[in-house]
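Participant: Test case, fold it:
(one chain, ligands or ions: 1)
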Amino acid sequence: MRKVVLMVFFLVTVITCLGQTTSKIIALRCGSVFDGRGDLLRPNAVIVIDAGKIKALAASAPDGAEVIDLSQHTCLPGLIDTHTHILLQGDITAADYDEQLLKQSPEYRTILATVNARRALEYGFTSIRDVETEGAGYADADVKKAINNGIIPGPRMQVATRALDVTGAYPLQGYAPNVSVPHGVQLVDGADNARQAVREQISHGADWIKVYSDRSYRVREDGVLDDIPTFTLDELRAIVDEAHRERHKVASHAMALNGVHNSVEAGVDTIEHGNYIADVDLSTMAARGIFYVPTIFVGEYVAQGRAAEGAPVWLKMIQIHEDTFHRAMKAGVKIAFGTDAGGFDWKVNPAKEFSSMVKFGMTPAQAIRAATVTAAELLGMQDSLGTIEPGKLADIVAVPGDPLADVTAMEKVDFVMKAGVVYRKP
Ligand SMILES: [Zn+2]
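Facilitator: Residues are numbered from 1 along each chain as shown. Have a look, this model is predicted:
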């Protein structure tokens, strides 16, 4: 018996050693490294990668390593977009949205989504949180599966599947009552039905539950952005309770006063958009660690089109948003990078959000940390993502030049590595 045990131990040791000696070590020779742990660039550093993970930051490449020359580049942790829609191809106007739901099959939309996933990765987003399929059912869970199985290239994904909203609050709207049309969400009314929908979505692969907490925006005379809350507080509490009970998190679309307040009171994990957030709710968010995902760029991008369609409130919201962003920074709320890509055309690089965040008051280093360290924490993956340090997954991107001097460099990612595999090289 003892002999057998020893033999097995010997074999395991041999196999383990073989695995180590045959795995190829990669060394990235970087002009400088932004490791995400501080504000400074580390010049002339080599990142050593072994078996998909970061092994060391060194001064030179180890013997026998495959060296990739990025000496004219700044290397950074893989970027994380915490608010995307890979099943959507832009919806500036209601007509854009209706067209996709009425004339494109979910199968066709899924094919387009695989292209968007590849685009996201090539822009430098090695992880995304995709916050609902806009009427394409559970297709996001399948795209995620295909990426994880190595069938198609794409970022690491957390998905929200169908999202939840109440009757009468979400497109498609405005059709004759006798015409049944698809909706961009799963409609639920009442706390028990909401719980059932959460259970259903989780059973079909939802990592996150996405709720729409408000709609119909208007600016009050005192400058506050007002809304109509969708769910009652009871319904929202039931959704959050059920999701948390099943160890899942809740993302809440909440753009204005009441939607944000109800979401924060119900205990959601992230506030999406948050164009207006009252000071009292910012304090609660800071105290409870609720993340703010401001999605600034998309607001500017859709404003002109929506104003032309008869909703000028979208133009006023930009100024309100900037003021909220300042107050959120001051209150110490955790701000994570998210773009709403898919809400605008995927051919537009979502990394434009970095410039928007800097325009609203962040330093370039703060904006980059929002898309790395803070976003990794939002995903609950801070132990394996978000910084360049030994033991973490080798998700690394590189841009030419110095993004701390000019943050638009983040729109020029031309090296992408995910878990040690190179997807793009300069
Ligand atoms: Zn969105």
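Participant: Quick one, grab the pLDDT at residue 5.
Facilitator: On pLDDT, residue 5 comes in at 47.
Participant: ok, now which ones touch the residue nearest the centre of the chain?
Facilitator: Against the mean C-alpha coordinate of the chain, by CA atoms, centre = their mean, the closest residue is residue 82 at 1.4 Å. Residue 82 makes contact with 128, 129, 270, 291, 293, 336, 337, 338, 375, 378, 379, according to CB atoms under 8 Å, 6 or more residues apart in numbering. No exception for glycine: its C-beta is placed from N, CA and C like everyone else's.
Participant: what separates the fifth one from residue 335, distance-wise?
Facilitator: Between residue 293 and residue 335 the distance is 8 Å, computed by CB to CB, to the nearest Å.
Participant: quick one: which of those two has more around it?
Facilitator: residue 293 (28 against 24; other CB atoms under 10 Å).
Participant: ok so, going back, in strands, which of the contacts of residue 82 fall?
Facilitator: Applying DSSP state E to these, the entries found in strands are 128, 129, 270, 291, 293.
Participant: chain center to stretch 35-46: distance?
Facilitator: Here the centre of stretch 35-46 is set off from its chain's centre by 24 Å, with CA atoms, centre = their mean, to the nearest Å.
Participant: just stretch 128-141 next, same as before
Facilitator: With CA atoms, centre = their mean, you get 12 Å for stretch 128-141.
Participant: Span of that stretch from start to end?
Facilitator: 13 Å (CA to CA, to the nearest Å).
Participant: change the start of the numbering to 19 and stick with it
Facilitator: With 19 as the first residue, the last one maps to stretch 146-159.
Participant: What mean pLDDT does it get?
Facilitator: Stretch 146-159 comes out at a mean pLDDT of 98.
Participant: Helix or strand next in line after the longest strand along the chain, which one?
Facilitator: Longest strand in the chain, counting residues (DSSP E): strand 84-95. Sequence-wise, the next helix or strand downstream of strand 84-95 (DSSP states H and E) is strand 97-102.
Participant: any idea of the mean pLDDT in that next one?
Facilitator: Here the average pLDDT along strand 97-102 is 98.
Participant: Residues contacting the next helix or strand after that strand, please?
Facilitator: For strand 97-102, the following helix or strand on the C-terminal side (DSSP H and E) is helix 112-121. Under the contact criterion CB under 8 Å, 6+ apart, helix 112-121 has outside partners 106-109, 127, 152-153, 189-190, 192, 199-200, 202, 327.
Participant: Okay, now the sheet partners of the longest strand of the chain, with direction.
Facilitator: strand 44-51 (parallel), strand 414-418 (antiparallel) (DSSP bridges).
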